[in-house]
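Enquirer: give me a model of this one.
(one chain, ligands or ions: 2)
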Amino acid sequence: MKTVLVTGGSGFIGANFILKARHHNWFNVVNLDKLTYASNPKTLDSLESDSGYDFCRGDIADSQQVSALLNQYQPDAVINFAAESHVDRSILSPEDFIQTNILGTFRLLESCKAYWEKRSESQPSTFRFLHISTDEVFGSLGPDDPAFHEETSYAPNSPYSASKASSDHLVRSYHHTYGFPILTTNCSNNYGPFQFPEKLIPLMILNARDKLSLPIYGDGQNIRDWLYVGDHCEAIQLVLQQGRLGESYNIGGNNEVTNLEVVQQICTRLNQLLPKENFDYASLITFIKDRPGHDRRYAIDSTKIQRELGWVPQESFESGLSKTIQWYIEQTDWIEQVRSGAYQAWIQQNYDDARSIEASDSSP
Ligand code: NAD
Ligand code: TYD
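Expert: Numbers count the residues shown, from 1 in each chain. Ligands and ions are numbered 1, 2, ... in the order given. Predicted coordinates for the structure are as follows:
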């Protein structure tokens, strides 16, 4: 049985990946996570008695700790999910993004390279370093532009995407310069269970459930290409097993939807699932001041991973969204745990102070 070191495995995508990996017995997992505000250890409670899963609290930037972990567990691969991941937070306080996404990835690369070099002395190396990145590194598309492909030039627009772009470049350079065995994936917006409710879809589901306003930035016509997290996890496993070293793979959901349509679909579904007399959840929609530097459109061309590895997303936006809404309605314990005092403080800072939600349901 192989062992994989997963960083950031207590966050949204990492946790979904670990649960799937253990469920299908793909490999044993060691999860290194700093447990920032975005994590919820409760997500992985079901693995408590799983002998194929270990957790270690720590920072990818702590070289000593990472080296000790590598030597202890001798992993066959490292998958780097660890990051600061929310664009709005990167606008208000970018420093953490530089620390983790750039410096952290650099230190992690250094520790892993040293481990790989030592390991290669005694055995033919099948080691892999898989870096999880985003489509946001490519910048913003116009309405008629072709979707991002692997050769699209990087043009990041937010401190978040700039920090992820830097980390991608570092990862790439370690392959080019040292022959370090890397793979990179650039995916579109994920949605599904266990996503922290600061991101669009869970925020809107939970606000609507609580009859709070549904704050849409700008005119709501920004487009994202929504990818169900379960489909993403399958793609990551394929890239890890069969991806060509040094290559990057774009992973998209084939679901370009405007933000307004996303929120309207959530409201329509909630009107069916949690009906309230003489009340339409869509009446909570409120247009607020736009996000600074707000990227207009993202879209992913997944031809490469489809052609080389045979991956196609299984979930339609409609079916994935239904599952997600159902999950958020049922998981009250998990939700109460993440919506702590710190979460309330963020909502205050981002929506009350910086954007001052209009107390009307007017159109833009
Ligand atoms: P998340 O914010 O939900 O989770 C990030 C996890 O990383 C948290 O558990 C956090 O505690 C951990 N972490 C943060 N800093 C760390 C550090 N220095 N050392 C160790 N652990 C640390 O993020 P996510 O949505 O699961 O995203 C995972 C990866 O996928 C990120 O690299 C992100 O950039 C990328 N990505 C996410 C999306 C999306 O839609 N969520 C889309 C494209 C790419
Ligand atoms: P988000 O989930 O933060 O992901 P990203 O910025 O990485 O794409 O936001 C998705 C889209 O939804 C983005 O265009 C911004 C918009 N959005 C709102 O309109 N209102 C909100 O409260 C949030 C969090 C996002």
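
Enquirer: now stretch 272-281: buried residues?
Expert: Y281 (16 or more other Cβ atoms under 10 Å). Placement of C-beta: from N, CA and C, glycine included.

Enquirer: oops, could you answer that again for stretch 293-308 instead?
Expert: In stretch 293-308, counting by 16+ other Cβ under 10 Å, buried: 295, 297-302, 304-306.

Enquirer: so the residue of the stretch 151-300 of the chain found nearest ligand 1 bridges to which residues?
Expert: Residue of the stretch 151-300 of the chain nearest ligand 1, by Cβ to the nearest ligand atom: N190 (3.7 Å). Assessed by DSSP bridges, N190 has beta-bridge partners L227.

Enquirer: among the buried residues of stretch 293-308, name the ones in helices.
Expert: Members of the buried residues of stretch 293-308 lying in helices (criterion: DSSP state H): 304-306.

Enquirer: strands of the stretch 251-364 of the chain, start to end?
Expert: 256-258, 285-288 (DSSP state E, counting those that start in this stretch).

Enquirer: neighbouring strands - and their directions - for the longest one?
Expert: Counting by DSSP bridges, the strands paired with strand 285-288 are strand 214-217 (parallel).

Enquirer: for the partner strand, what is the average pLDDT?
Expert: Averaged over strand 214-217, pLDDT sits at 98.

Enquirer: give me every residue in this structure lying close to ligand 2.
Expert: 87, 189, 199-200, 203, 215-217, 222, 224, 259, 291 (Cβ under 6 Å from any ligand atom).

Enquirer: quick check: the two most widely separated of these?
Expert: N189 and P215 (17.3 Å; Cβ to Cβ).

Enquirer: run through the helices of the protein in chain order.
Expert: 12-23, 63-73, 87-92, 95-97, 105-122, 159-178, 200-209, 229-242, 259-273, 303-309, 317-330, 332-338, 341-347.

Enquirer: please identify which of the ones you listed is closest to T185.
Expert: Among the helices of the chain, helix 229-242 comes nearest to T185, with 5.6 Å by Cβ to Cβ.

Enquirer: sorry, back to before: in a markdown table, list the helices of the chain along with mean pLDDT and distance to K34.
Expert: Output for the helices of the chain, formatted as a markdown table (pLDDT from 0 to 100; distance: least, Cβ to Cβ, whole Å):
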| stretch | mean pLDDT | distance to K34 |
| --- | --- | --- |
| helix 12-23 | 98 | 12 |
| helix 63-73 | 98 | 10 |
| helix 87-92 | 97 | 15 |
| helix 95-97 | 98 | 10 |
| helix 105-122 | 96 | 12 |
| helix 159-178 | 98 | 16 |
| helix 200-209 | 98 | 21 |
| helix 229-242 | 98 | 21 |
| helix 259-273 | 98 | 30 |
| helix 303-309 | 98 | 29 |
| helix 317-330 | 98 | 25 |
| helix 332-338 | 91 | 16 |
| helix 341-347 | 86 | 15 |
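
Enquirer: will you turn the ones you listed into TSV that also has distance to ligand 1?
Expert: As requested, the helices of the chain are exported to TSV (distance: least, Cβ to the nearest ligand atom, whole Å):
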stretch	distance to ligand 1
helix 12-23	4
helix 63-73	9
helix 87-92	9
helix 95-97	8
helix 105-122	8
helix 159-178	5
helix 200-209	9
helix 229-242	8
helix 259-273	13
helix 303-309	15
helix 317-330	13
helix 332-338	10
helix 341-347	13
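
Enquirer: and the closest residue to ligand 2 within the stretch 1-150 of the chain, what does it touch?
Expert: Ranked by Cβ to the nearest ligand atom, the top residue of the stretch 1-150 of the chain for proximity to ligand 2 is V87, at 4.0 Å. Applying Cβ atoms under 8 Å, 6 or more residues apart in numbering to V87 gives the contacts 136, 158, 160-161, 291.
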